[in-house]
Structures are given as C-alpha cells and as structure tokens.
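**Q** With the sequence up front, the predicted model follows.
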Amino acid sequence: MENIKSGQLSAVSSQVRLGVKINSFRYPDGTQALSDINMAVNRGEFIGILGSNGSGKTTLLKIIDGLMKDFEGSVYLDRADIKKLSPKEIYKKVGLIFQNPDDQLFAATVLEDVAFGPINMGFKEDEVITRINNALRDVEMEEYARKSIHNLSFGQKKRICIAGLLAMGHEILLLDEPTAGLDPMGEYKMMTLLTKLNKEKGVTIIMATHSVDLVPLFLDRLYILSKGCIVREGIPEEVFTAPDEMASVKLRLPQIAELIYKLRHEDNMPFGKIPLTIGEARREIIKTMQNVKLKI
Ligand SMILES: Nc1ncnc2c1ncn2[C@@H]1O[C@H](COP(=O)(O)OP(=O)(O)O)[C@@H](O)[C@H]1O
Ligand SMILES: [Mg+2]
C-alpha cells in the first residue's frame, strides 16, 4: 500500500514543471513588487495570471524566466533550483514573450529574426531551416518569411516573437499580456493559436493578462494576483465569484457573468449558476426560461 502511494506521489510530482514560492521581491529603488507567491504549474497546463495594472505580473514572469534572481524564495524548474541554473540551461526550456514585440524583435526580416535562436544554439543549417519553417507554420506566418519586420502589423509581430521561441524548441512559454493591443479578432486569433500550441504541441503556457472576458474560454487554471500576492487560485468557475470580490482586486466578472449575476441578485430571476461564457449563458437562459414557463 505504502509503495503504491509513494509511486503515485512521484508520478504526480514529475508532472510539476514549475514550482514557484516567492516571499519577497523588491526593485533596487525599494518598490515591493512581490510579497506572497505560491504556484505550481504542471506539464501541459495553460495557466493564466490575472491581475490589474501594477499587480506584479511582469515582475513574476521575469523571475520565472530567470532574469531576476535576487528574490527571497525559490523557483524550481523541473526540480532544479533556478537560482543555480545558468541562463542557457533556463532558456533551453523556458521562453518569455514581452508585452511589446518591438522590445523583442531586432533583425531586419522575419527569417533573420526567427533564425537567430536556432543558429545560436548551434544547430546545423538543415536543422535551422526545418525549425524556421515549422515555427512559421505553427504561427501561420509562412508567407511572411522574407518580409521586413518593420512592415508587419502589431499582431503579426507578436506571432513572429512566438515563432522565434518555438524555433528554439521551448517547452514552456511565458507570455506577458499576449492579447494587449490587438483588435477583437486579433485577440481571438491569438488565443486560438496559443490553445493550439498547448493542446496539439503540448507546450506548457503561462500568460499574464487582465482580459477577464477571454480567460474563461481558453485557460485551464488561474491565479489572481493583487498587490504582489496570489490571492486566489482555481479553475475559472472557482475564481470568478461575486462582482464585489473581483472589484476588491481591481478586476471584474466577464460581462456576460455580470449580467446574469445582476438578473439573479437584483431582479430575482431564478438562475442556478453564473455562466462565464456566451455559450454557457445561452444554455442557462433557455433552461431557466423553460423552468419559469413550467411554473406558470
Ligand atoms: N524596474 C522597476 N523599478 C522599480 N519598480 C518597478 C520596476 N518595474 C516595475 N516596478 C513596480 O513594480 C510593481 C509591479 O509592476 P509590474 O510587475 O510591471 O506589474 P504588472 O505587470 O502587473 O502591471 C509596480 O508597482 C511597478 O511600478
Ligand atoms: Mg506588466
């Protein structure tokens, strides 16, 4: 019995790719950016860090990417202490995509930019070409290989940033507000692309966002960050509760959830649960209206 238990335990823990415990991080000017962070990210998960401006999202992603190591606490990447890993050992597995693609892209053309990583990793020419082709195909930008970076749209630049990291073979992608600055269709396309990378290629994804309407549609699990602390964690249904609780962390419910919440609590409509997406709301409204009709 004992053996089975410990066997199961090790099977579970080998799924954990990132274990993050940060007690404190201050910037050199004294700003206390993070105070209480506890996260565990499993292989293949699609995780959201949801928080308002200034809550510490970018700081947290930079620490997980090994860019800042002078924090109190520990970050484990596949059970190795990130403070003891070299940048090369970290970058083999983890890639960070900045909020602004212009901070990340530097080459003249798409091809040169995406080629930079695999060339630096020492791959042979054939392998570099295969990696570039595969990465551009994964982000649906194959026809843009010879284009000047300068002429790409903001959303296309974001895709090229992702391709650059995929070409290096990152298994864990950290994305800082990947949908910020995109139009509604661009936001949807970006989330669909990330979902595809996660579900089909098995890339583990952690994205920082404050876009509460998109989150319930796509993400497996969420952490809510407020003033440098993780204040709640769970699947979207567990995290999005009452509007006042979301307001206390400077966020709100998805709009459709807010509407149904008001109909239930202010107009006494007999809704069972608070739906988070249009699809769920549609089903819940039909069900509730049928119940109301039966009673009449
Ligand atoms: N380089 C820096 N020096 C000093 N303070 C910083 C620096 N970068 C961010 N901060 C501060 O750290 C806190 C968290 O910032 P940040 O991680 O950028 O939040 P978010 O990404 O959620 O908007 C904020 O109070 C911000 O002003
Ligand atoms: Mg930020």
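**A** Okay, I see it. Since the structure is predicted, the reported quantities are computational estimates derived from the model, not experimental observations. Ligands and ions are numbered 1, 2, ... in the order given.
**Q** Could you use CA atoms for every contact and neighbour count after this?
**A** OK.
**Q** Spit out the contact partners of residue 60.
**A** Residues counted as contacts of residue 60 (CA atoms under 8 Å, 6 or more residues apart in numbering) are residue 34.
**Q** Would you tell me whether the helix or strand in which it is found gets close to ligand 1?
**A** Residue 60 belongs to helix 57-64 when assigned by DSSP states H and E. Yes. Shown here: helix 57-64 in contact with ligand 1 (CA under 6 Å from any ligand atom) through 57-59.
**Q** can you list the residues of the chain near ligand 1?
**A** Checking the chain against ligand 1 by CA under 6 Å from any ligand atom, the hits are 27, 29, 31, 33, 51-59.
**Q** Low-confidence bits of this structure, can you list those?
**A** 1-14, 294-296 (pLDDT under 70).
**Q** let's see 50
**A** 1-12 (pLDDT under 50).
**Q** Please, where are all the strands along this protein?
**A** 16-26, 32-34, 37-42, 46-50, 72-77, 80-81, 94-97, 172-176, 204-209, 221-226, 229-234 (DSSP state E).
**Q** picking up where we left off before, distance from the chain centre to the helix holding residue 60, please.
**A** 12 Å (CA atoms, centre = their mean, to the nearest Å).
**Q** Just give the nearest non-adjacent residue to the residue in the stretch 151-296 of the chain that ligand 1 sits nearest to, would you?
**A** Nearest residue of the stretch 151-296 of the chain to ligand 1: residue 228, at 7.0 Å (CA to the nearest ligand atom). Using CA to CA, 6 or more residues apart in numbering and skipping residues adjacent in sequence, the residue nearest residue 228 is residue 34, 3.9 Å away.
**Q** try residue 47
**A** residue 206 is the one closest to residue 47 (CA to CA, 6+ apart), at 4.7 Å.
**Q** doesn't residue 171 make contact with the one you found?
**A** No. Counting by CA atoms under 8 Å, residue 206 stays clear of residue 171, with 11.3 Å between them.
**Q** about what we covered before: and the residue nearest to residue 228, how many neighbours does it have?
**A** 25 (other CA atoms under 10 Å).
**Q** ok, so what distance separates residue 79 from ligand 1?
**A** 25 Å (CA to the nearest ligand atom, to the nearest Å).
**Q** Number of residues surrounding that residue?
**A** With other CA under 10 Å as criterion, residue 79 counts 13.
**Q** i'd like the first residue to be 806 from this point on
**A** That works, and once the first residue is 806, the last one we named lands at residue 884.
**Q** Please report the distance of it from residue 1035.
**A** 22 Å (CA to CA, to the nearest Å).
**Q** Contacts only, for the residue most central in space within the chain.
**A** Closest to where the C-alpha atoms of the chain average out (CA atoms, centre = their mean) is residue 1012, at 1.7 Å. By CA under 8 Å, 6+ apart, residue 1012 lies in contact with 851-854, 979-983.
**Q** got TSV for the residues of helix 862-869 next to ligand 1, with neighbour count too?
**A** Converted to TSV, those look like this (neighbours: other CA atoms under 10 Å):
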residue	neighbour count
862	26
863	22
864	20
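**Q** For the residues you listed, could you give me TSV that also reports distance to residue 999?
**A** TSV is the format used below for the residues of helix 862-869 next to ligand 1 (distance: CA to CA, whole Å):
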residue	distance to residue 999
862	19
863	19
864	22
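**Q** tell me which of the residues you listed is nearest to residue 1088?
**A** residue 862 (34.2 Å; CA to CA).
**Q** got a list of what the closest one touches?
**A** 854-856, 981, 1013, 1030.
**Q** And those, which two are furthest apart?
**A** Across these (CA to CA), the longest gap, 13.8 Å, separates 981 and 1030.
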